[in-house]
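Asker: Sequence and predicted structure, then a few things I'm wondering about:
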Amino acid sequence: MIFTDLPLHNTIQKAIAEKGYTHPTPIQEQAILPILKRKDLLGCAQTGTGKTAAFAIPTLQILLEERNKGNNGSDWSAWKKQGIKCLIITPTRELAIQIDENIKEYSQGTGLKHTVIFGGVKQHSQVIALNRGVDILTATPGRLLDLMNQKIISLKNLKIFTLDEADRMLDMGFIHDVKKIIKALPEKRQSLFFSATMPNSITTLAKSLLTDPIRVTVAPISSTAETVAQKLFMVDTNNKQKLLRDILFDRKVKSVLVFTRTKHKANKIADFVNEIGVGAAAIHGNKSQNFRQNALKDFKSGKIKVLVATDLASRGIDIDQLSHVINFEIPNEPETYVHRIGRTGRAQNTGIALSFCDATEVAYINDIQKLIGKKIKIDQEHDFHTTHEISNSARKRQNFKNSQSKGGRGNRSGDKKGTRSSDRNNKSSRNGRSSKNSHSERNTKSGRGGRKR
């Protein structure tokens, strides 16, 4: 199948052709036609597989058909009075903005109106945009509920509801907000539900939302893209920054997304990278929306070479030309590893994922390799290579120690971090943990190492 085979309006076909789309990805190929037939859809696909286009393109087609029905597309006043016709809910500000930007590109020339709303900024400009008339609204749950409670937003004429990154919604504690939003939706609607994983809690939520849905499963979370080359560096904790420095000084390394577990560590690594003369910025939940957007803009343009992020901020980062992902700290949930390295090797490009593993993280690497079904190649050709071994009994002690030290800590600052106990099926053992320190925002420094791509 190619995109020109799909029954799409000429304006939409032109827009996606200008984006360079020719052949749909597997999720797009399986989802677009059922959505066009007005079916509810349950999609299981990890980030980076083309989900946004899978629901946005058919949504635009349906709205065009509805608008043009009976008036030849000339009298739009009645259409405008209906208010919001499509609502897309997603967990993070970055991802909401990214979806809205894609909709802007796909809808060029259609006359359909769209906007995005999210928390962390004043609502004034968002309210102005809503009052001008919106057909497609992309929102994070908190700000949406706030504006609904203020009677600024009405969903009574909604035709299509899309819930994206549903499993992440649960991880971030949005489930109650999502349920409140669902209760406010009109009973007669089309619903689209996307999640990277399908635990029982997600399946139950999907059943409450969807009616006789078409099920689509593509690229399960246990798989890593073949376009991403993975390497593992065994290194002592106090040598991780030195190893990072050596990698960043390699001229072949053009753009790097560095992952840490905590906000404090993200700030610390960004400061270190700037100190060695390589442009860097850190993004996480404690950074303002404007700072985060400016940092992403500088990173995408090549003004800075390194972006340091926590997992909470990672899902909104969509950069086709990203050359490297570095796990400065190994995630303690193996699924998170798949999400992280999925930031590179996108849009038919290749990428490299490097993971720095110290002695306390070997158990996490074992879990990751078990999930993805293969060993990650160990790179010994660096100055800081060491050998880490943890026996089964030591590993059990480490897991028990982690569960005891992390289990009772509250999530004061908002970036959640799961704790893996020795019983991995006990989901309730995953509790929040955050850094005790909160740093003020620092100005982004480009430095001598920030190279244009």
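Answerer: Nice, thanks for sending it over.

Asker: Report how many residues lie close to Lys287.
Answerer: 24 (other Cβ atoms under 10 Å). In short, each C-beta sits where N, CA and C put it, glycine included.

Asker: For Ile326, see how far away it is.
Answerer: Lys287 is 20 Å from Ile326, where distance means Cβ to Cβ, to the nearest Å.

Asker: same thing with His9?
Answerer: 43 Å.

Asker: Comparing these two, which residue is more hemmed in?
Answerer: Ile326 (27 against 15).

Asker: Is the more buried one located within a strand, as I assumed?
Answerer: Yes: assessed with DSSP: H, G, I helix; E, B strand; the rest coil, Ile326 lies in a strand.

Asker: so who does it touch?
Answerer: Applying Cβ atoms under 8 Å, 6 or more residues apart in numbering, one finds that Ile326 lies in contact with 244, 247, 256-259, 353-356.

Asker: Let me know the closest of these to Lys69.
Answerer: Of all the contacts of Ile326, Lys69 sits closest to Leu257, with 44.8 Å by Cβ to Cβ.

Asker: Dump stretch 372-384 to CSV, restricted to CA.
Answerer: What follows is stretch 372-384, C-alpha atoms only, in CSV (Å, rounded to 0.1, in the frame of the first residue of the first chain):
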residue,chain,number,x,y,z
ILE,A,372,14.3,-7.6,24.3
GLY,A,373,15.4,-11.2,23.8
LYS,A,374,19.1,-10.5,23.0
LYS,A,375,22.4,-9.6,24.6
ILE,A,376,23.7,-6.0,24.2
LYS,A,377,27.2,-6.0,22.9
ILE,A,378,29.8,-4.8,25.5
ASP,A,379,32.2,-2.2,24.2
GLN,A,380,35.6,-2.7,25.8
GLU,A,381,37.5,-0.3,23.6
HIS,A,382,37.5,2.7,26.0
ASP,A,383,39.7,3.9,28.8
PHE,A,384,37.4,3.1,31.7
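
Asker: got the buried residues for that stretch?
Answerer: 372, 376 (16 or more other Cβ atoms under 10 Å).

Asker: and that stretch, what's its mean pLDDT?
Answerer: For stretch 372-384, mean pLDDT is 91.

Asker: In three-state terms, label Leu137 for me.
Answerer: Leu137 ends up strand, using three-state DSSP.

Asker: my read: it touches Cys86, true?
Answerer: Yes: with contacts counted by Cβ atoms under 8 Å, Leu137 reaches Cys86, the gap being 7.1 Å.

Asker: ok, so what distance separates Leu63 from Ala78?
Answerer: 14 Å.

Asker: Narrow the contacts of Ile326 to those in helices?
Answerer: 244, 247 (DSSP state H).

Asker: Compare Leu63 and Ala78 (neighbour count), which wins?
Answerer: Using other Cβ under 10 Å as the criterion, Leu63 and Ala78 rank with Leu63 on top: 20 against 10.

Asker: where exactly do the strands run in the stretch 251-400 of the chain?
Answerer: 256-259, 280-283, 306-309, 324-327, 351-357, 377-378 (DSSP state E, counting those that start in this stretch).

Asker: closest to Lys104 out of the ones you listed?
Answerer: Closest approach to Lys104 among the strands of the stretch 251-400 of the chain is made by strand 280-283 (22.2 Å; Cβ to Cβ).

Asker: contacting residues around that closest one?
Answerer: With Cβ under 8 Å, 6+ apart as the test, strand 280-283 has contacts from 263, 266-267, 269-270, 273-274, 291-292, 295-296, 298-299, 304-310, 313, 442, 444-445, 447.

Asker: Buried subset of these as a PyMOL selection?
Answerer: Filtering the contacts of strand 280-283 down to the buried ones (16+ other Cβ under 10 Å) takes a single PyMOL command:
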select buried, resi 263+266+267+269+270+273+274+291+292+295+296+298+299+304+305+306+307+308+309+310+313+444+445+447
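
Asker: can you tell me which of the contacts of strand 280-283 are in helices?
Answerer: 263, 266-267, 269-270, 273-274, 291-292, 295-296, 298-299, 313.

Asker: which of those residues sit farthest apart?
Answerer: Longest span within those, Cβ to Cβ: Lys263 and Asp298, 19.3 Å.
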